[in-house]
Every structure is written in C-alpha cells, then in structure tokens.
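**Student:** The sequence and its predicted three-dimensional model are supplied below.
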Amino acid sequence: MTVRNARLHGLYAITDARMLATDRGMADVEAALRGGCAVLQYRDKSNEPARRLRQARILKDLCHEYNSLFIVNDDVELAAAVQADGIHLGRDDMDIERARARLEPQSLIGISCYNSLQRALQAQAAGADYVAFGSFFPSLTKPQAVRATPELLEQARTRIRLPIVAIGGITLENAASLLHAGADMLAVITALFHAGDIEETARNFSALFSDGGQAS
C-alpha cells in the first residue's frame, strides 16, 4: 500500500442528497465525522452547480477539521474546483488517465467495480488508488444494483494490492462478514445517516476495524 492511500481504512460515509437538503444535513455529517468517519463522499446527481459547489466547499472544510478525507462522486470538475482529496468514478464516468490529468497529483481516485474482479484488476493497472465492490446486501439507495458476494472480496484480496471498499445495504449487524472477507472500508449511507444517534453509530462502525468485528 502506498503512502497516498494509506489513510483509506475505516468507515466510508456517503452523503444522501435528500439529507443535505434539510437544515440538519451538515450537522448530521459533522456527527458522523465526530464518530470517526475516515472518508466522506459527496454524492449529488442534481443539476444545481452553484449549490453543489457551496456544499462541497463546506463538506471539505468539515472533513479536514476532523482529519478525514473528502471525496467527490463522479464530478471531476467539482473535485478540482474545491481541491477535494479525491474522486470516485463509475462505469460511465471519466477514465482514470483523464481524471488524473485534471486533478492534483496527490488526488485519490476510486473506481466502482460492482461485482467484477476483472474491472478491479484493470483499475489497479490504470493507477487507481482504491476499488469498490457491491452491492453486497439489498440497498434502499440502489435497489436494482448488481449483487456481489463475500467470496468476491476473498478473491480480490489475493490479487488486488489496493484498499477495497464494500458497499450496499451494510449495517452493524452484517458488516463483520465483509471485513473478515477482506474489505478495508465499509461504505454506508442509510444505516448511518438514518440512525437515531449518528455519532454513536459512526463510532460503532469505526470500532469494527479495531476489535475484530464486534461493535461496542
């Protein structure tokens, strides 16, 4: 693992655009960061560039206040504008080479690999900093997403030298199986930001990475 991606370990929170539309949205994000969230991804597919720029700047500052990484989903230009720590790219987004040319040299690039080990190997060869697999469980955010298995994580762990993110329907009850299979990060939306106590939930997810999969 390189110095650049050594911080890619732990709870990987993804913002819900509907959540950020409420007055409580930023406070909820800060609660997750207080609870130990290692990485925050800003995900908003709307066509409101001024609002997205404003929110991204606020979120980046919050993340850096708590020594967490700030990643932008899909939008390389937005990531460049706010000097985000990195970008997360899907199947239909800009390729790694072009994204790397547009961003700062130290920027992190993550790639969605769905249930494809071959795609992850290609991303690794192209210079990605981490790969993400999923959905592992039924997801309220993406109910039609392709499904991945813990066995895929086990296979990836033997061939992928990059940090691996698991995503899709992850809860405190099912997370340990993915860590045991080889995930370095757990990407969570609903189970974190719809929890009654976001800070405590983030703390419990974070604890999974240091105590063998048993949250307090």
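**Tutor:** On my side now, so go ahead.
**Student:** Show me where this structure has its helices.
**Tutor:** Taking DSSP state H to define them, one finds helices in the chain at 17-20, 25-34, 49-65, 76-82, 96-102, 117-126, 150-159, 175-181, 190-193, 198-207.
**Student:** Quick one: low-confidence residue ranges for this structure.
**Tutor:** When residues are selected by pLDDT under 70, those of the chain lie in 1-4, 211-216.
**Student:** Just checking: what are the partner strands of the top strand by length along it?
**Tutor:** The strand of greatest length in the chain, counted in residues with DSSP state E as the criterion, is given as strand 108-114. For strand 108-114, the pairing partners within the sheet under DSSP bridges are strand 86-89 (parallel), strand 130-134 (parallel).
**Student:** Can I get the first one in CSV, CA atoms only?
**Tutor:** This file holds the C-alpha atoms of strand 86-89, laid out as CSV (Å, rounded to 0.1, in the frame of the first residue of the first chain):
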residue,chain,number,x,y,z
GLY,A,86,-10.1,12.6,-4.5
ILE,A,87,-12.8,11.5,-6.9
HIS,A,88,-14.9,8.4,-7.1
LEU,A,89,-15.7,7.2,-10.7
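**Student:** all numbers from here: first residue = 6
**Tutor:** With 6 as the first residue, the last one maps to strand 91-94.
**Student:** so how far is it off the chain centroid?
**Tutor:** Strand 91-94 has its C-alpha centroid displaced from the chain centroid by 9 Å (C-alpha atoms, centre = their mean, to the nearest Å).
**Student:** which other residues reach it?
**Tutor:** If you take C-beta atoms under 8 Å, 6 or more residues apart in numbering as the criterion, strand 91-94 is touched by 46, 74-81, 84, 100-101, 104, 108, 112-117, 134, 137. (C-beta placed from N, C-alpha, C; glycine too.)
**Student:** In contact with the most centrally placed residue in the chain: list those residues for me.
**Tutor:** By C-alpha atoms, centre = their mean, the mean C-alpha position of the chain lies nearest to Tyr17, the distance being 4.3 Å. By C-beta under 8 Å, 6+ apart, the contact list for Tyr17 reads Cys42, Ala43, Val44, Leu45, Gln46, Val170, Ile172, Met190, Leu191, Ala192, Val193.
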